[in-house]
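Visitor: pasting the sequence and the predicted coordinates here, then a few questions.
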Amino acid sequence: MEVRIIIGSIISAQDQYIVRVATEADAKNLSELRVQIDGETENLDREQGESNINESEFIRIIRDDHERERNLFLVAEVDNSIVAYSRCEGTTLKRLSHKVQFGVGVLKEYWGYGIGTSLLKQSLHWADTSGIKKVTLSVLETNKKAIQLYHNHGFEVEGILKHDKLLSDGIYYNTVVMGRLMG
């Protein structure tokens, strides 16, 4: 798999981030990063410590993603530290092989600097040039910035999963299901 790199500025001209394809060497960092991100937001499905993926499981995922033409696993680095990741996951089932599911996680400290947007743009470029016809995702209804970002990149609301997630305030929230069809 070709390694694609994009560089963007963050905070100041001296600080930059790099987006690249994940490698097996990233597995330990990704295992720790995922737990940290899960604890920083309720926008994701998991609470901190739930459904952990250890280093060896991440190695398997990354290896599988490199071998499957319908999968893409990207990471974003600042000062050689992974601060975000995204993944597009497809399937070999013929009836579903035209689409992939997109997911992203960014450390809270790096929200608002365009890292998630860069991961999304790179993933969409990959999908557009890889014969993927549809990218899907789900987002918590309260995550208005993410919903607007997805709208700005061609995603449309395809449905609402009512009372889908119970958050720490004891209230059930809806999940917005979105999709982007390729031209």
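Guide: On my side now, so go ahead.
Visitor: residue nearest the centroid of the chain?
Guide: Val104 (1.9 Å; CA atoms, centre = their mean).
Visitor: what about that residue, which SS state?
Guide: Using DSSP: H, G, I helix; E, B strand; the rest coil, the structure places Val104 in strand.
Visitor: so it sits against Ile115, correct?
Guide: No: Val104 lies out of contact with Ile115 (CB atoms under 8 Å); the separation is 9.1 Å. From N, CA and C alone the C-beta is placed, and that goes for glycine too.
Visitor: overlap of the contact sets of these two?
Guide: Between them, Val104 and Ile115 share these contacting residues under CB atoms under 8 Å, 6 or more residues apart in numbering: Ala84.
Visitor: where does the protein have low pLDDT?
Guide: The model of the chain has pLDDT under 70 over residues 1-14, 46-51, 183.
Visitor: where do the strands sit along the chain?
Guide: Applying DSSP state E to the chain gives strands spanning 6-10, 12-21, 72-78, 81-89, 99-106, 134-140, 156-166, 172-181.
Visitor: point out the most buried one among those.
Guide: strand 72-78 (a mean of 22; mean count of other CB atoms under 10 Å).
Visitor: contact partners of that strand?
Guide: Here strand 72-78 makes contact (CB under 8 Å, 6+ apart) with 10, 15-22, 26, 30, 61-62, 65, 82-88, 100, 106, 110, 115, 118-119, 122-123, 126-127.
Visitor: with stretch 157-173 instead?
Guide: So stretch 157-173 is in contact with 42, 45, 136, 138, 140-142, 174-179, going by CB under 8 Å, 6+ apart.
Visitor: can you tell me which of the strands of the chain is nearest to Arg34?
Guide: Smallest distance to Arg34 across the strands of the chain (CB to CB): 6.6 Å, for strand 99-106.
Visitor: so what secondary structure elements neighbour the closest one?
Guide: Judged by 3 or more CB pairs under 8 Å, 6 or more residues apart in numbering; DSSP states H and E, strand 99-106 is in contact with helix 27-40, strand 81-89, helix 115-129, strand 134-140.
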